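**Q** Have a look; sequence and predicted model below, questions after that.
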Amino acid sequence: MPIGRIAHFLLTLLFIASPIALGQGFQTSQIQEEHPKLLASKEDFDRLRAGLSDPLGQELLAFIRKTGEALLSAEPAQYRLKGIRLLDESRTALKHLSTFAFLYRLYLEDKYKEKTIAYLDTVTGFPNWNPRHYLDVGEMTLAVSIAVDWLWDELSAEQRDRYLQAIVEKGLEPSLDETLSTNWWMNYNNNWNPVCHSGLTAGAILIADRQPELAERIINRAIKAVPIAMAETDPDGVYPEGPTYWNYGTEFSIFFIELLKRAVGHSFGLEDHVSFKKSMDFRAMSVTPTEKFYNFFDSGPRLYFSPAATWFAKTYGMPTAHLESRRLIKNLLTSGEWTKDNFRHRTLPFTALWYPEDVPDQASLDSDLPHFWQGHGDNPITMIRSSWVDSNAFFLGFKGGLGSISHAHMDAGSFIYEDEGVRWAVDLGAQTYLSLESKNVGLWDRRQNSDRWRVFRLGPYSHNLMLIDEQLHDVTEPATVSNIVEHDNRLSSSVDLSVVNQAHLKTYKRTFTVHDMKVLQIDDRIVGARKPFGHEGRNSATLHWRLVTQADVSVNGDRAILKQDGKTCYLKVALPEDVPFTLRSDPLDPPPYYWDEPNPGHQAIDIWLQADPEGNRDLTVLISTDSDALGSLADEL
């Protein structure tokens, strides 16, 4: 049984004996009476009004005030669906309402109060918050609840009644029939769980004095469910859906923790979750020297701002959290990426609320940071880097994985590689969901023969791996990763791909070795790869090794030269002289099917060869930006 499923089972057993199950869970009588009671206190705003602890914090506060001025003239959320989703509008409302309400509490300027109230009138007047796609409800309920709570003393009794009634009718009540197909997320193990439950919990806290039984049902249900999603980071901190979804799921798990802490003074032990804390190291390590994510599954390479790292820095004092928090804030202040015209940075004000009082110096942070990191579980990851501060540093990320988990791609054994400021081996990332849903592609079915694996970017054909007879991986079996071995100037770890290819071979191990942070060596060892071939008996398998790149590629014999941004990278195939193979490079476009999005500027470097008559083959590929180091290693093989 995959580790995440085991964790889910153990959590169920633990819950049987938990205080909640024994009737000792969340009680509305415990909620403190003073507003604001959601995510911040009067003292928090007094502290911010007095100023943050260092110049970067002060710059952050000034920047948030500037964003508020810009948002005053932004288009407000409207009731308009995009496909099945109202999500963009819910997220826009969260961005606007959290900013306006925050700035009013901080500076008491009427323009923010008036804008918040007008906004509340608009969104609570929507016919619904789209329970067909409950993420939309979760984010809208959180947005409305924060605004109502933070402006509580400025609202009339009629306004409070109207807004709270909308929270009940459009936020909470659609979730009460847990048998509805739209409420599948209730005890699920992905990001939907904390997003939806945190939004509903915020609403439940606000209506607790009016409808205590409903509030206790909503909140105790959430306290039971959210740990199921948090356990997906077990045992070491990998967020299985990828770093982009870490931002989303983790941020809303933090909201849930902080909602409980503000309401009753503790988080029912949730902030003590060990692998949840470790996941900050995963998130920080996944930011590569070129300031992109090591992206896998449906996560993309683009970095998105999140206040979560700042919360980790304040709560746990982790070096990786302090480093990532300050990097994110500095980039936000200087990049010009914030705009009033989208929902990005919708939780920015919480960066100020969670800003740590004690900030360590940069030198002490750098000395405490690791040069490699591994996490096991359903989607095991290994990352190796030569530096945290050099944009030209060496970086390698590779993975195992399980194709049946949320947002999965068929990418076990794949990798990304950077050096000299260039990402030489890339992952294309996801295709936009609506582009596939609108063509009736079964995007969310992850079974073995589903439509999902026929989408070029999601199946194995677009990833940096080796295919056996062009066959799909087995989505029911996990590819595991061995612990890193350090020896002299080498770091080495292997991905066991045997079970994901069990229908096509006996064993398959892919080993990644990094030599002196200069040369990447990839060894593929195949045993027993033979395929049936009708009445003529059995032929050995065709093996297809692939690397996807945005570089210009030239091929000569057993070598390829990659050029990008004025830099050069070298690839060499190392095989015995009597083993025939083909090395070639071709553009990825046009993609195979009409539903596939194009991939302009991307090339595939392909190696084609056969297993021997027994179905065995060892293939070594060397990659480096240092031609001398690559040549020296090649001579040793």
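**A** Arrived safely. Numbering: from 1, shown residues only.

**Q** wait, Ile522 sits on Asp618?
**A** No - Ile522 is beyond contact range of Asp618, at 11.4 Å (criterion: C-beta atoms under 8 Å). Where C-beta positions appear, they are placed from N, C-alpha and C, glycine not excepted.

**Q** Neighbour count for the two, which is higher?
**A** With neighbours defined as other C-beta atoms under 10 Å, Ile522 and Asp618 compare such that Ile522 has more, 24 against 14.

**Q** so which helix or strand takes in the residue nearest to that one when sequence neighbours are not counted?
**A** With C-beta to C-beta, 6 or more residues apart in numbering as the measure, Val621 is the residue that lies nearest to Ile522, at 4.8 Å, once sequence neighbours are left out. Counting by DSSP states H and E, the element that carries Val621 is strand 617-624.

**Q** ok, now Trp608?
**A** For Trp608, the element it lies in under DSSP H and E is strand 603-610.

**Q** Pull out the buried positions in that strand.
**A** Under the neighbour-count criterion of 16 or more other C-beta atoms under 10 Å, strand 603-610 has Gln603, Ala604, Ile605, Asp606, Ile607, Leu609, Gln610 buried.

**Q** quick one on the thing from earlier: partner strands of the strand holding Val621, with direction?
**A** Each strand that pairs with strand 617-624, with its direction, by DSSP bridges: strand 519-527 (antiparallel), strand 567-574 (antiparallel).

**Q** Now mean pLDDT and distance to Pro580 too, for the ones you listed, in JSON lines please.
**A** Rendered in JSON lines, the data for the strands paired with strand 617-624 read as follows (pLDDT from 0 to 100; distance: least, C-beta to C-beta, whole Å):
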{"stretch": "strand 519-527", "mean pLDDT": "98", "distance to Pro580": "16"}
{"stretch": "strand 567-574", "mean pLDDT": "98", "distance to Pro580": "11"}
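
**Q** Deepest in the core, which of the ones you listed is it.
**A** Per-residue neighbour counts averaged over each of the strands paired with strand 617-624 give the maximum for strand 519-527, namely a mean of 21 (mean count of other C-beta atoms under 10 Å).

**Q** so that one versus strand 603-610, what angle?
**A** On the basis of axes from the mean of the first three to the mean of the last three C-alpha atoms, to 10 degrees, strand 519-527 is oriented at 40 degrees to strand 603-610.

**Q** got the CA coordinates for stretch 513-529 in CSV?
**A** Below are the C-alpha coordinates for stretch 513-529, written out as CSV (Å, rounded to 0.1, in the frame of the first residue of the first chain):
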residue,chain,number,x,y,z
THR,A,513,25.5,10.5,-10.1
VAL,A,514,26.8,14.0,-9.7
HIS,A,515,30.6,14.4,-10.0
ASP,A,516,32.1,17.4,-8.2
MET,A,517,29.0,19.5,-9.0
LYS,A,518,30.2,19.6,-12.6
VAL,A,519,29.1,16.4,-14.5
LEU,A,520,25.8,14.6,-14.4
GLN,A,521,26.0,10.9,-15.1
ILE,A,522,22.8,9.0,-15.8
ASP,A,523,23.0,5.2,-15.9
ASP,A,524,20.0,3.2,-17.1
ARG,A,525,20.3,-0.5,-16.4
ILE,A,526,17.6,-2.7,-18.1
VAL,A,527,17.2,-6.4,-17.5
GLY,A,528,14.7,-8.7,-19.3
ALA,A,529,13.1,-6.2,-21.6
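
**Q** Just give me how far it sits from the chain centre.
**A** Per C-alpha atoms, centre = their mean, to the nearest Å, the displacement of stretch 513-529 from the mean C-alpha position of its chain is 27 Å.

**Q** Helices of the stretch 351-500 of the chain, start to end?
**A** In order along the chain, the stretch 351-500 of the chain carries the following helices (DSSP state H, counting those that start in this stretch): 362-367, 433-437.

**Q** hey, least reliable of those helices by pLDDT?
**A** Comparing mean pLDDT over these, the weakest stretch is helix 362-367, at a mean of 67.

**Q** Now Leu61. Nearest residue, chain neighbours left out?
**A** Nearest-residue entry for Leu61: Ala352, 5.7 Å, with adjacent residues in sequence omitted and distances by C-beta to C-beta, 6+ apart.

**Q** what's the neighbour count on that neighbour?
**A** Other residues near Ala352 number 23, with proximity taken as other C-beta under 10 Å.

**Q** Quick check, it in contact with Gly51.
**A** No - taking C-beta under 8 Å as the contact criterion, Ala352 and Gly51 are not neighbours in contact, 10.7 Å apart.

**Q** hey, what's in contact with both of those two?
**A** With contacts defined as C-beta atoms under 8 Å, 6 or more residues apart in numbering, the residues adjacent to both Ala352 and Gly51 are Gly57, Leu61.

**Q** pLDDT score assigned to the residue nearest to Leu61?
**A** 98.

**Q** Contact partners for it?
**A** If a contact means C-beta under 8 Å, 6+ apart, then Ala352 has Leu48, Leu52, Gly57, Leu60, Leu61, Ile64, Phe102 as its contacts.

**Q** How many neighbouring residues does the nearest residue to Asn342 once chain neighbours are set aside have?
**A** With C-beta to C-beta, 6+ apart as the criterion, Asn342 has its nearest non-adjacent residue at 7.8 Å, and that residue is Thr92. Taking other C-beta under 10 Å as the criterion, the count of residues near Thr92 is 25.

**Q** Doesn't Thr92 belong to a helix?
**A** Yes - the assignment for Thr92 (DSSP: H, G, I helix; E, B strand; the rest coil) places it in a helix.

**Q** Could you measure from it over to Leu200?
**A** 20 Å (C-beta to C-beta, to the nearest Å).

**Q** Wait, Ala560 touches Val553, no?
**A** Yes - counting by C-beta under 8 Å, Ala560 touches Val553, with 5.6 Å between them.

**Q** which residues are in contact with both of the two?
**A** When contacts are counted by C-beta under 8 Å, 6+ apart, Ala560 and Val553 have Ser585, Ile605 as shared neighbours.

**Q** so where is the stretch 151-300 of the chain shaky, pLDDT-wise?
**A** Across the stretch 151-300 of the chain, nothing is flagged by pLDDT under 70.

**Q** Which stretches in it count as helices?
**A** So, for the stretch 151-300 of the chain - with DSSP H, counting those that start in this stretch - the helices run 157-166, 192-206, 212-230, 243-264, 274-285.

**Q** Switch these over to CSV, and while doing so, append mean neighbour count to every line.
**A** Putting those into CSV (neighbours: other C-beta atoms under 10 Å) gives the following:
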stretch, mean neighbour count
helix 157-166, 15
helix 192-206, 28
helix 212-230, 21
helix 243-264, 24
helix 274-285, 22
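
**Q** neighbour count winner among Ala560 and Val553?
**A** Applying other C-beta under 10 Å to Ala560 and Val553 shows that Ala560 carries more neighbours, namely 25 against 21.

**Q** so where does the more buried one fall, helix or strand?
**A** strand 559-564.

**Q** mind saving the C-alpha coords of that strand as CSV?
**A** Extracted C-alpha coordinates of strand 559-564, given in CSV (Å, rounded to 0.1, in the frame of the first residue of the first chain):
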residue,chain,number,x,y,z
ARG,A,559,27.6,13.7,-28.9
ALA,A,560,25.1,16.6,-28.8
ILE,A,561,26.0,20.3,-28.2
LEU,A,562,23.3,22.5,-26.6
LYS,A,563,23.5,26.3,-26.9
GLN,A,564,21.3,28.7,-25.0
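
**Q** Sketch out the low-pLDDT regions of this structure for me.
**A** For the chain, residues meeting the criterion pLDDT under 70 lie at 1-24, 363-367, 531-538.
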